[in-house]
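Enquirer: Sequence first, predicted model second:
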Amino acid sequence: MITSRNPMRDTVAFAGAATTGMTAANTGRSQASLVAEACITVLRESGLTAKDIDGICGTNPNAPYVQSMLGIPEVTWFANPSMPLVNQVAAAANAVASGMCETVLVYHGAYRLPWNTGSAWKDPFRRGASGGGLPMNGLVDSVSSSVGYTAWASRYLHEFKTPREHLGLVAINDRSNAALNPGAAMREPLTMDDYLAARMIRWPLCLYDMDIAVDGADAFIITTAERARDLPQPPVLIDAVALGMAAKNDEDQSVNLDHHGQQITVEALKAKSDFWIDDCDVYYPYDGFSIITLNWIENAGWCGRGEAGEFLAQHWDAENQRVLINGRVPINTHGGSLSEGGTQGSGHLREAVLQLQGRAGERQVEGAQRAIVTAGGFFFNAQGVTLHRM
């Protein structure tokens, strides 16, 4: 059952967003130090101090570490849900709306760990630990999850007779947008020839189809809409949040591509939100693997099943080598997971907030008022949020 009930609408807002920028190399810094930098920055930019925070929510390190290292005197609520980061937004926004707390510091530390890079495996400082000295949400070095997206990508290409070039458009769009993002890990131009010549990791996904392991951190302030009005940055109101999960949600056990977490998330968001794709100005579909993006585009309703690649081609801005839907709506203006770096959704959220606040620098979309973020993949981690400027 999916309900349209949404008593939280427009009562909670993002008051700030900040980042350290992302680096596709082992930086010699701890995950905790990166999180601390992002948190301190967002507090300062939002005109707040540690004493103003009464809620903490994020990933890596856990909330008790963050409270201690930032000197936050006391909190009335804290949580550490699993990624992607819309989980944290949902938890924090509901905590504020219910009165559990008033001002939440939300954070995420992206970190190169042994389960995603060989160089991290060889580094004793990183081996088996995150910034707080704990395993990263229980993740271990394993190939068990690799069966999921490569297998479903193969199924998608076979079922819809899709050429690999359509996956390449996702990667090239990200790279072109990243060129304007000083915090992106990969900013060099990427051509279709580069994409097709790239090392194959597991067919049909090559090096450029998979997110980049990075060191970096993002931080946000989520508070009441009333309080956000009194802070320095323009408030970004949370219109709706949804998490979606279907039965048989293991990566290799889903029944087909037509019913998984994405469809549920979209249906719930459309039921709860005051706007959808016809009225959004910027769109942020998750791209941890390029195949995820094609599915989000279709499931969000931009085009029909199996048509996402053709849709991207039809809305391709050849001069700037990126997608511009109907000549005005860009996709993943920050460079996404494939070029800014694999931030497990925090980069998509941060960029959406900055765009709606008018703080995105060279990549600012003129007049951006509404954003849709659809984060996560097919299975147990599909989620989304609609945002608009106050």
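Expert: Structure received.

Enquirer: Okay, and the beta partners of the closest residue in space to Arg29 that isn't next to it in sequence?
Expert: Spatial nearest neighbour of Arg29, chain neighbours left out: Asp215 (6.6 Å); criterion: C-beta to C-beta, 6 or more residues apart in numbering. (C-beta placed from N, C-alpha, C; glycine too.) Beta-bridge partners recorded for Asp215 (DSSP bridges): Thr23.

Enquirer: and the gap between Asp215 and Thr343?
Expert: Note on Asp215: its distance to Thr343, by C-beta to C-beta, to the nearest Å, is 11 Å.

Enquirer: do the same with Gln233
Expert: Noted for Gln233: a distance of 20 Å to Thr343, by C-beta to C-beta.

Enquirer: which ones are touching the spatially most central residue of the chain?
Expert: Closest to where the C-alpha atoms of the chain average out (C-alpha atoms, centre = their mean) is Gly345, at 1.6 Å. Going by C-beta atoms under 8 Å, 6 or more residues apart in numbering, Gly345 touches Met83, Pro84, Leu85, Val86, Tyr286, Val373, Ala375, Gly376, Gln383.

Enquirer: just checking, which of the residues you listed belong to helices?
Expert: Residues of the contacts of Gly345 located in helices (DSSP state H): Val86.

Enquirer: For the contacts of Gly345, work out which two are farthest apart.
Expert: By the measure C-beta to C-beta, Met83 and Val373 form the most distant pair in those, at 13.8 Å.

Enquirer: So between the two, which is more surrounded?
Expert: Val373 (27 against 23; other C-beta atoms under 10 Å).

Enquirer: In this model Val86 seems to touch the more buried one, though I could be wrong.
Expert: Yes: contact criterion C-beta atoms under 8 Å: Val373 and Val86 qualify, at 6.9 Å.

Enquirer: shared neighbours of these two, anything?
Expert: Here Val373 and Val86 have Gly345, Leu349, Gly384, Val385 as joint contacts, going by C-beta under 8 Å, 6+ apart.

Enquirer: my guess is the third one contacts Val241, does it?
Expert: Yes: with contact defined as C-beta under 8 Å, Gly384 counts as touching Val241 (7.4 Å).

Enquirer: Overlap in contacts, those two.
Expert: Contact criterion C-beta under 8 Å, 6+ apart; residues shared by Gly384 and Val241: Val86.

Enquirer: Does the closest residue in space to Thr103 that isn't next to it in sequence have any beta-bridge partners, and if so which?
Expert: Excluding its sequence neighbours, the residue lying closest to Thr103 (C-beta to C-beta, 6+ apart) is Thr223, at 4.3 Å. Thr223 forms beta bridges with Ala13, Thr103, as assigned by DSSP bridges.

Enquirer: Thr223: what's it in contact with?
Expert: So Thr223 contacts Val12, Ala13, Ala15, Val96, Glu102, Thr103, Val104, Leu231 (C-beta under 8 Å, 6+ apart).

Enquirer: Also Val66?
Expert: Val35, Ala36, Cys39, Ile56, Gly58, Ile72, Leu105, Tyr107.

Enquirer: tell me which element it is part of?
Expert: helix 63-70 (DSSP states H and E).

Enquirer: how about the helices in the stretch 251-390 of the chain?
Expert: 261-272, 290-300, 308-314, 346-357 (DSSP state H, counting those that start in this stretch).

Enquirer: Looking at the ones you listed, which is nearest to Asp281?
Expert: Nearest of these (C-beta to C-beta): helix 346-357, 7.8 Å.

Enquirer: pretty sure Asn181 is in contact with His334, am I right?
Expert: Yes: applying C-beta under 8 Å, one finds Asn181 in contact with His334, separated by 5.2 Å.

Enquirer: Of these two, give the one with the bigger neighbour count.
Expert: His334 (28 against 25).

Enquirer: got a list of what the closest residue to that one other than its chain neighbours touches?
Expert: The shortest distance from His334 to any non-neighbouring residue, by C-beta to C-beta, 6+ apart, is to Glu351 (3.8 Å). Neighbour list for Glu351: Tyr284, Asn332, Thr333, His334, Ala360 [criterion: C-beta under 8 Å, 6+ apart].

Enquirer: what's the nearest residue to the last one if we skip its chain neighbours?
Expert: Spelled out, that is Ala360. Leu354 (4.7 Å).

Enquirer: correct me, but that neighbour touches Ala17?
Expert: Yes: using C-beta under 8 Å, Leu354 is in contact with Ala17, at 5.7 Å.

Enquirer: quick one, which of these two is more surrounded?
Expert: Using other C-beta under 10 Å, the more surrounded residue of Leu354 and Ala17 is Ala17, with 28 against 24.

Enquirer: tell me what the helix or strand that contains the more buried one is packed against?
Expert: Assigned by DSSP H and E, Ala17 belongs to strand 12-19. Applying 3 or more C-beta pairs under 8 Å, 6 or more residues apart in numbering; DSSP states H and E, one finds that strand 12-19 makes contact with helix 31-45, helix 86-98, strand 216-224, helix 225-228, strand 236-244, helix 346-357.

Enquirer: between Gln233 and Thr343, who's got more neighbours?
Expert: Neighbour totals were compared for Gln233 and Thr343, and Thr343 leads with 30 against 20 (other C-beta under 10 Å).

Enquirer: Identify the residue nearest the more buried one in space, chain neighbours excluded?
Expert: Ala110 is the one closest to Thr343 (C-beta to C-beta, 6+ apart), at 4.7 Å.

Enquirer: List the residues that contact the one you found.
Expert: Contacts of Ala110 (C-beta under 8 Å, 6+ apart): Met22, Val214, Asp215, Gly216, Ala217, Asp218, Gly341, Gly342, Thr343, Gln344, Ser346.

Enquirer: Now tabulate these in CSV and tack on distance to Leu237 and pLDDT.
Expert: CSV is the format used below for the contacts of Ala110 (distance: C-beta to C-beta, whole Å; pLDDT from 0 to 100):
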residue, distance to Leu237, pLDDT
Met22, 27, 98
Val214, 29, 96
Asp215, 32, 96
Gly216, 27, 98
Ala217, 25, 98
Asp218, 19, 98
Gly341, 27, 97
Gly342, 28, 96
Thr343, 23, 97
Gln344, 24, 95
Ser346, 19, 98
